[in-house]
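Visitor: Got a predicted structure here, sequence first:
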Protein chains: 2
Amino acid sequence: MSVTSARGFTAAGLAAGIKENGGRDLALVVNQGPRYAAAGVFTSNRVQAAPVRWTRDGLADGVLHAVVLNSGGANACTGSQGAHDTRATAERAAARLGAAPADVAVCSTGLIGVPLPMDRLLAGIDRAADGLSESGGKDAALAIMTTDTMPKTASAGHDGWTVGGMAKGAGMLAPGLATMLVVLTTDAVVDSGDLDRALRAATRVTFDRVDSDGCMSTNDTVLLLASGASGVNPEYAGFAEAVRVVCDDLARQLVKDAEGADKEIRIEVTGAASEDDAVEVGRSIARNNLLKCALHGEDPNWGRVLSAIGTTKAAFEPDRLNVAINGVRVCENGSVGEDRALVDMTGREISIRVELDAGADSAVIWTNDLTAAYVHENSEYSS
Amino acid sequence: MSVTSARGFTAAGLAAGIKENGGRDLALVVNQGPRYAAAGVFTSNRVQAAPVRWTRDGLADGVLHAVVLNSGGANACTGSQGAHDTRATAERAAARLGAAPADVAVCSTGLIGVPLPMDRLLAGIDRAADGLSESGGKDAALAIMTTDTMPKTASAGHDGWTVGGMAKGAGMLAPGLATMLVVLTTDAVVDSGDLDRALRAATRVTFDRVDSDGCMSTNDTVLLLASGASGVNPEYAGFAEAVRVVCDDLARQLVKDAEGADKEIRIEVTGAASEDDAVEVGRSIARNNLLKCALHGEDPNWGRVLSAIGTTKAAFEPDRLNVAINGVRVCENGSVGEDRALVDMTGREISIRVELDAGADSAVIWTNDLTAAYVHENSEYSS
């Protein structure tokens, strides 16, 4: 149930002194081979942190030997010093592991615009390299946490091979609440082309459909490393499904642990003329602050759902829209439907189902409510 | 300083019993002529309330005799009953005023998806028609308030002619926090074509550049009525500028009275390759919840400004971005600039100036901070 669930991987997580509170802040994940295929997807924000640029470049050949991750500092908007620091991080780990620097990915999360304390970070890499173990996945998951309240790990085992992983930060590739970092590992024998294909297919319908607070990070990174240690070369479809299952599990954990949230909101848009339409409508609903406040107050405010749908370019007719909240169809044909008093919203999960009546496509977007705790948490620290 | 500042207009505002709390909830504004030219702009939301559809249709000939406005119910998403109720509203006022129903505009604001109490509303129209006066502008401004904490009026006087107006709801045509209703009046002699041109030019750079919470209403309406009672036919440029000044005044009042807000935030984007780019960047910053929380906490979090810019398609290079907050250039060339401790954010107004270094165009967007009070206010009532 972690980044070391798959054979051929070791990891460590420790306190290097990057975080001011002395907590764990440095993780190292190492692929021990015999194969080193890898793939990655990154934030689509055009303002990208130095580690994102480094890792993307290094992944051009589809090979990674290791990943260094730090919390306590995003190394974003740090200019040429930031690029230098990321390179130094990769070089130190590479030297300790006998790998090429370009084969060491770097992921950072924390404050933007603050240089990393490199002495402590580099010393931490040495200690992490000394402490690598096949049971180090849990420590690594702890070391990448920022405002997360619990570590996030998952795995899916199959006939002789496994996909495992860890994540931090209630966020996503397109919009995210905080930097989302994910490292997935597998001992299956898969080449980098298939890793890339499976990873993009999985993130598109999992992390990319989480929209907690509409904000997109400068650092989001999802990596998938394959050691080939199982000796098993699975059928592509089965492998891709295992990657999707692990991503879905981690994505759900991100939503459950979003900053300040009290509710997990599942928005299902059906009857869309295209999947893009369904996603656009779902995302518009997910980002409507008025609705997110209403749901926090357990108010089945379907009027705010309709006003959010109305801002999109999706195909629909206003007087053919239906909306069900927790199974009660409170809006029928764009007007008043069943009695809203029938809607029970006391549970933590809320389901909103929208029928566009314009086609056969659908999509699910996950979001959270907007709470005073979110405001407090994000008023009181810089990131 | 109101909708009756210009000659040729009478108004009334009273409690018709639409609001449960017994407050003023019905306003009537009447053009007494001798001319009846008019223009309007409406929400771009595709889910539009019945009164929006009615008024848009009625304005096709550029003539309005009167405007009926009610708070206490938006008459949105109310199906054919809603359309019937809006027509009945216009017909009752028209009968009392000796006008054609199509020349009576209707504006509604309040809960979505709830039918209006028509008996009380129609009786209220009778009483309002009986109570019309040339000093009724203030009462009318009070009667259209919902969560507004104060009435909003403005006027601009010129050589022999005047533009006056009233507004409710911290919102806008494109996104708005609540329904925004605005009625502007003038005694200048202006035909409906020039009214339309002046109104569109004014709203484009005033109400359309307020983005308090990113949500767009189903009911936003801005109307401009010209009585010609001054007998003065002003030069177009001077008239258009007077309309812009009144719209700008009212727009600023909307921002100052936004739900739960503690700060008014002026976002100026300069050096843009086009005005559209400047608006896109400003709006992206205005809608970033993480930044709005930080500003609430008086944290000059320029990293969140950059991450918001990075989500746009505007022309810019990340390492050439400059950001000043309250005059301190905290970000230079996409990296750390002047000491953020120098930024004084204790005042109510916050200025963010972004230099894209990609051209010569610019735009100003106004928004608010995100507060726990906003969450509380919007968790506890339906709209």
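Guide: Here it is on my side, so go on.
Visitor: Tell me the bridge partners for A:Glu332.
Guide: A:Ser335 (DSSP bridges).
Visitor: Just confirm it contacts A:Asn322, I think it does.
Guide: Yes - using C-beta atoms under 8 Å, A:Glu332 is in contact with A:Asn322, at 5.5 Å. Yep, even glycine has a C-beta here, placed from its N, CA and C like the rest.
Visitor: any common contacting residues for the two?
Guide: Taking C-beta atoms under 8 Å, 6 or more residues apart in numbering or on different chains as the criterion, A:Glu332 and A:Asn322 do not both touch any residue.
Visitor: now the helices for chain A?
Guide: A:50-58, A:79-97, A:118-130, A:137-143, A:192-205, A:236-256, A:275-286, A:289-296, A:302-309, A:372-379 (DSSP state H).
Visitor: Average pLDDT for the fifth one, rounded please.
Guide: Read it as helix A:192-205. The average pLDDT within helix A:192-205 is 97.
Visitor: Would you mind writing the CA trace of it as CSV?
Guide: This file holds the C-alpha atoms of helix A:192-205, laid out as CSV (Å, rounded to 0.1, in the frame of the first residue of the first chain):
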residue,chain,number,x,y,z
SER,A,192,8.1,4.1,-21.3
GLY,A,193,5.8,4.6,-24.2
ASP,A,194,3.1,2.4,-22.6
LEU,A,195,3.8,4.0,-19.2
ASP,A,196,3.2,7.4,-20.7
ARG,A,197,0.0,6.3,-22.4
ALA,A,198,-1.4,4.6,-19.3
LEU,A,199,-0.5,7.5,-17.0
ARG,A,200,-2.1,10.1,-19.3
ALA,A,201,-5.2,8.1,-19.7
ALA,A,202,-5.4,7.6,-15.9
THR,A,203,-4.7,11.2,-14.8
ARG,A,204,-7.2,12.6,-17.4
VAL,A,205,-10.1,10.9,-15.6
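Visitor: Can you list the buried residues in that helix?
Guide: A:Ser192, A:Asp194, A:Leu195, A:Asp196, A:Arg197, A:Ala198, A:Leu199, A:Arg200, A:Ala202, A:Thr203, A:Arg204, A:Val205 (16 or more other C-beta atoms under 10 Å in any protein chain shown).
Visitor: Hmm, A:Arg244 and the last one touching each other?
Guide: In this case it means A:Val205. Yes - counting by C-beta under 8 Å, A:Arg244 is a contact partner of A:Val205 at 6.9 Å.
Visitor: from the stretch 51-200 of chain A, which residue is nearest to chain B?
Guide: For the stretch 51-200 of chain A and chain B, the shortest gap (C-beta to the nearest C-beta) falls at A:Ile112, measuring 2.7 Å.
Visitor: Look up how far A:Ala129 lies from A:Ala102.
Guide: 18 Å (C-beta to C-beta, to the nearest Å).
Visitor: Low-confidence bits of chain A, can you list those?
Guide: For chain A, applying pLDDT under 70 flags the ranges A:170-178, A:381-383.
Visitor: Which residue ranges make up each domain of it?
Guide: Following automatic domain parsing, chain A resolves into domains at A:9-256, A:264-379.
Visitor: where's the last one relative to the chain centroid, distance-wise?
Guide: So that's domain A:264-379. Put simply, domain A:264-379 sits 22 Å off its chain's centre (C-alpha atoms, centre = their mean, to the nearest Å).
Visitor: Ok, stretch A:15-23 next?
Guide: 23 Å.
Visitor: can you count the residues close to the closest residue to A:Val245 other than its chain neighbours?
Guide: Excluding the flanking residues, the one nearest A:Val245 by C-beta to C-beta, 6 or more residues apart in numbering or on different chains is A:Ala156, at 4.8 Å. A:Ala156 has 21 neighbours, counted by other C-beta atoms under 10 Å in any protein chain shown.
Visitor: for A:Asp211, same thing?
Guide: With other C-beta under 10 Å as criterion, A:Asp211 counts 28.
Visitor: so what's it closest to, chain neighbours aside?
Guide: Nearest one to A:Asp211, counting by C-beta to C-beta, 6+ apart, is A:Ala286 at 4.3 Å.
Visitor: ditto for A:Lys292
Guide: Nearest non-adjacent residue to A:Lys292, counting by C-beta to C-beta, 6+ apart: A:Leu370, 3.7 Å away.
Visitor: Was I right to think that neighbour contacts A:Cys293?
Guide: Yes - counting by C-beta under 8 Å, A:Cys293 is a contact partner of A:Leu370 at 5.2 Å.
Visitor: which neighbours do the two share?
Guide: B:Val375.
Visitor: quick revisit: list the contacts for the residue of the stretch 51-200 of chain A closest to chain B?
Guide: Taking C-beta under 8 Å, 6+ apart, we find A:Ile112 in contact with A:Ala49, A:Ala74, A:Ala76, A:Cys77, A:Thr218, A:Ser382, A:Ser383, B:Gly303, B:Arg304, B:Leu306, B:Ser307.
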